[in-house]
Structure formats: C-alpha cells, structure tokens
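# give me a model of this one.
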Amino acid sequence: MPKSFTDWQNKILTQDNAERIDGDVGSFDFATAETILVAALGPGGVYSDPASYGAIGMAQGVSVAQSRQVQQAWEIGSAGTVIIPSRKVSIQLNISKLMVEGNNLIKATHGRSTNGYDVNTIGYHWDKRAENDTENQAQERSGDFYINLASNFFMHPTTLAIFMYDMDANALGAFALINCYLQSHQYQFSAQQTILVENCSFKPTAIKGISVYAAKA
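Coordinates of the predicted model:
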C-alpha cells in the first residue's frame with residue numbers, strides 16, 4: 001500500500017519512494033522481462049490452470065491495452081455533468097517474436113490441431129527436410145510454419161496468458177486473454193538486419209485473472 005499523505009508530507013524532502021517500503025529500495029526484487037512468461041493454452045486446456053499453457057518462445061515485445069468509451073452528459077437546468085461509461089471494454093494484444101528454429105509466431109500462439117485446415121503456404125520444414133524428400137513429403141513436414149491468415153482455421157480464437165514473477169520467484173500475478181482472434185500478422189525485412197522479427201495483433205474478448213503460486217523449491 002502507498003504511504004498515507006501525512007507520512008509522505010512529513011518526509012517530502014527525505015524519503016526515497018512513495019510506497020510503504022522500509023530500507024534500501026535497491027535491495028528489493030523487481031519483475032523483469034526474464035521473470036515474465038508469455039504462453040498459449042494447449043489443446044483441451046482450461047484457462048484458469050497454469051499447467052495448461054506452453055511458452056510461445058523467443059518473444060521480444062508484448063503490449064496489452066484496454067480502453068472503453070466514456071460519454072459525458074449534461075442536464076438542462078443544472079451545471080453538473082454525468083459520466084456514462086460504455087458497457088464494452090476494447091482489448092488489444094500485440095506480440096513480436098524472433099524468427100528462429102521451431103514454431104513461428106502464428107503457430108506458437110495457436111496451440112491446437114489444424115484439423116485439416118490450410119494454414120501452410122511454405123513447403124519446407126526448417127530443420128527436418130531431408131535431401132531426398134519429394135515436394136509432397138516436404139509439404140507434409142512443414143508443420144512449424146503457419147502463414148495463411150485467410151484460412152478458416154483462424155476463424156477460431158486462441159487463449160493466451162501472461163505470468164509475472166519477481167526475481168525471488170514470488171508470484172506477482174497472472175492473467176489470461178480469452179478468445180484472442182488473430183487480427184494481423186506482419187514481417188519486416190531490411191538489408192542490414194541480422195535477425196528477423198514477426199509481429200501479430202490480436203483482439204481478445206476478455207481478460208481474466210489466473211491464480212499462481214511461488215515456484216520456489
């Protein structure tokens with residue numbers, strides 16, 4: 001909890017922070033990128049069960065934004081105003097990921113079977129295509145790379161989650177982004193790049209909390 005105003009006012013020129021923290025702030029554990037996991041719900045998983053998720057791998061950036069429209073109304077015969085919040089909250093999720101061996105970003109975030117949907121337009125499995133493979137064999141083995149956003153497969157949503165711990169493996173919080181619909185997918189290339197990054201934007205329908213516990217042995 002933050003300090004009270006009185007506590008803060010009495011030490012306004014001497015205190016190091018506005019939180020109710022005693023001692024040297026530099027000695028405390030903070031959440032950093034290395035203690036945060038971005039994960040996708042696996043087949044048959046339950047969003048509230050942390051064990052149902054698998055990491056998407058090599059995530060470079062994540063942003064989650066929520067917004068809602070708020071309307072201001074006036075009344076004839078009064079100087080006051082009324083604020084009317086919208087019933088709908090808009091949620092936006094953006095993820096960037098390195099292009100590395102293994103699942104690309106679209107597949108990594110959709111942790112379920114394609115059930116025969118056409119999601120691949122690239123006929124090579126990055127690290128497993130044998131030299132004597134026929135084109136059909138290579139196509140069958142191209143399961144690491146999903147690229148066809150026009151596929152009906154992406155008419156179905158996925159569920160993603162973010163788990164946050166501090167440097168002592170104390171759980172700070174976790175939440176699931178429910179029913180994320182893939183909105184856009186993007187690659188960016190330039191001549192000087194040594195690594196390639198892909199980006200996805202999702203439109204979740206809801207955010208729900210997940211109960212997590214410390215991971216200490």
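
# can you give me the helices for the chain?
For the chain, applying DSSP state H gives helices covering 5-10, 105-108, 135-140.

# hey, C-alpha coordinates of the second one in PDB?
What follows is the C-alpha trace of helix 105-108 in PDB, where atoms were taken according to Å, rounded to 0.1, in the frame of the first residue of the first chain:
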ATOM      1  CA  LEU A 105       4.500 -16.900 -34.100                       C
ATOM      2  CA  ILE A 106       1.200 -17.700 -35.600                       C
ATOM      3  CA  LYS A 107       1.600 -21.400 -34.800                       C
ATOM      4  CA  ALA A 108       3.100 -20.800 -31.400                       C
END
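
# V89: neighbouring residues, count only.
Other residues within reach of V89 by the criterion other C-beta atoms under 10 Å amount to 13. The way it works is simple: take the backbone N, C-alpha and C, and place the C-beta from them, glycine included.

# list the contacts for it?
66-68 (C-beta atoms under 8 Å, 6 or more residues apart in numbering).

# of those residues, closest to V100?
Q66 (30.3 Å; C-beta to C-beta).

# which residues does that closest one contact?
89-92, 207.

# 10 Å instead?
Q66 sits next to 89-92, 204, 207 when contact means C-beta atoms under 10 Å, 6 or more residues apart in numbering.

# ranking those residues by neighbours, who comes first?
P204 (22 neighbours).

# what does the pLDDT read for that residue?
In this model, P204 is scored at 96, pLDDT.
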